[in-house]
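J.: Show me how the following folds:
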Amino acid sequence: MANFRLEGLGVALVTPFKADKSIDFGALGRLVDFQIGSDVDFLVVLGTTGETPTLSADEQQQVINFIRNRVNGRLPLVLGLGGNNTMGIVERLHKEDLSGFSAILSVVPAYNKPSQEGIYRHYAEIAGASPLPIVLYNVPGRTGVNMNAATTLRLAHDFPNIIGVKEASGNFVQIEEIIKNKPDHFEVISGDDGITYPLMTLGAKGVISVIGNAFPREFSRMVRKCLKGDFKGALPLHFQFTELFNLLFVDGNPAGVKCTLNALGMIENELRLPLVPTRLSTNEKIHSIIEKFEAAD
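T.: Here you go, the predicted model:
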């Protein structure tokens, strides 16, 4: 889709598995259709929440093809395409069939722990190779290195095809500096469901969400109120999810949201090692919260 806007509710799709750990494409199709009918603005394919590192290259391609065909232009799609081998990403960008996708989401390299100059040059290479707009993804809790505000802003100002950043550092001072000094073509969105509301009060334009897999319409309602400046109206919706925010991540992502989706009857509660399902205590708490949600409807 042309003129993709990094705004609103994006959902980082899970990859449902069957009991034998094979991909459950039937459940994936139902999940995609559920998102499309629930006020979601775009979908992220092969992100962290999709357990992408546990998928073979062939399986990743199957997921790409399946979702692209299932969506069939009904929503913008963003493809997770990152790693810690810069030239490997560049090669993929030259070879990958990116038809049907509107942007690339590329995470700061993990494990290598590059310097800020290394991060800048990494993204400069990607920007030069990508036929699609690029969304940066800063998540130091996973990658082991933080992309600071100066580096983010340098990239934003130097490359018009870098259109935004998914910020999951949790560093409000850093994120506020980016929002304050960014160019007009560049947007900041939350990479953490729990801080979406306060970040949007500072000027962030939305979220790439985990909880949106299970409650897209409800979470979208909060995001849309924030985009309209109705922060008073959005606050009770934020509070509605507070307990669930914590439970979704206490045993790791996507264990919490897969447990939630299973409780809603949408997928099997299956993950691939090294990830495992939530603990029984977490499972019970999630089921209790869902019962409250259903009783309130």
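J.: Which secondary structure state does Glu270 sit in?
T.: Classification of Glu270 using DSSP: H, G, I helix; E, B strand; the rest coil returns coil.
J.: There's contact between it and Lys18 in this structure, I believe.
T.: Yes - with contacts counted by C-beta atoms under 8 Å, Glu270 reaches Lys18, the gap being 6.7 Å. Bear in mind the C-beta positions are built from the backbone N, C-alpha and C, glycine included.
J.: who does the host helix or strand of Met87 touch, helix- and strand-wise?
T.: Assessed by DSSP states H and E, Met87 sits inside helix 86-95. Helix 86-95 is packed against helix 116-129, with contacts defined by 3 or more C-beta pairs under 8 Å, 6 or more residues apart in numbering; DSSP states H and E.
J.: in the helix it packs on, what counts as buried?
T.: Buried residues in helix 116-129, counted by 16 or more other C-beta atoms under 10 Å: 118-120, 122-124, 126-127, 129.
J.: Would you format those as TSV with pLDDT and distance to Leu93 included?
T.: Output for the buried residues of helix 116-129, formatted as TSV (pLDDT from 0 to 100; distance: C-beta to C-beta, whole Å):
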residue	pLDDT	distance to Leu93
Gly118	98	19
Ile119	98	18
Tyr120	98	18
His122	98	13
Tyr123	98	12
Ala124	98	13
Ile126	98	7
Ala127	98	10
Ala129	98	4
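J.: Including distance to Asp33, could the residues you listed go into CSV?
T.: Formatted as CSV, the buried residues of helix 116-129 follow (distance: C-beta to C-beta, whole Å):
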residue, distance to Asp33
Gly118, 41
Ile119, 37
Tyr120, 40
His122, 36
Tyr123, 34
Ala124, 38
Ile126, 32
Ala127, 34
Ala129, 33
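J.: Sketch out the low-pLDDT regions of the stretch 1-150 of the chain for me.
T.: Across the stretch 1-150 of the chain, the ranges flagged by pLDDT under 70 are 1-2.
J.: Can you show me the helices along it?
T.: Assigned by DSSP state H, counting those that start in this stretch, the stretch 1-150 of the chain shows helices spanning 25-36, 57-71, 86-95, 116-129, 140-143, 149-158.
J.: Next: the stretch 151-297 of the chain.
T.: Under DSSP H, counting those that start in this stretch, the stretch 151-297 of the chain gives helices at 172-181, 196-202, 216-227, 231-240, 242-250, 255-263, 280-296.
J.: Leu98: which of these is closest?
T.: helix 216-227 (24.7 Å; C-beta to C-beta).
J.: and the angle for that closest one with helix 25-36?
T.: Angle of helix 216-227 versus helix 25-36, following axes from the mean of the first three to the mean of the last three C-alpha atoms, to 10 degrees, is 30 degrees.
J.: What is helix 216-227 packed up against?
T.: Against helix 216-227 (3+ C-beta pairs under 8 Å, 6+ apart) you get strand 8-12, helix 196-202, strand 206-209, helix 231-240.
J.: and the first one, how far from the chain's centre?
T.: Strand 8-12 sits 7 Å away from the centroid of its parent chain (C-alpha atoms, centre = their mean, to the nearest Å).
J.: Can you name every helix or strand that it contacts?
T.: Counting contacts by 3+ C-beta pairs under 8 Å, 6+ apart, strand 8-12 is packed against strand 42-45, strand 206-209, helix 216-227.
J.: Now distance to Leu275 and mean neighbour count too, for the ones you listed, in TSV please.
T.: Shown next, in TSV, are those (distance: least, C-beta to C-beta, whole Å; neighbours: other C-beta atoms under 10 Å):
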stretch	distance to Leu275	mean neighbour count
strand 42-45	18	25
strand 206-209	19	29
helix 216-227	23	21
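J.: Put together JSON lines for these, with distance to Ile290 on each row.
T.: Converted to JSON lines, these look like this (distance: least, C-beta to C-beta, whole Å):
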{"stretch": "strand 42-45", "distance to Ile290": "23"}
{"stretch": "strand 206-209", "distance to Ile290": "17"}
{"stretch": "helix 216-227", "distance to Ile290": "12"}
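J.: can you tell which of the ones you listed is closest to Ile179?
T.: Nearest to Ile179 among the helices and strands packed on strand 8-12 is strand 206-209 (12.7 Å), distances taken as C-beta to C-beta.
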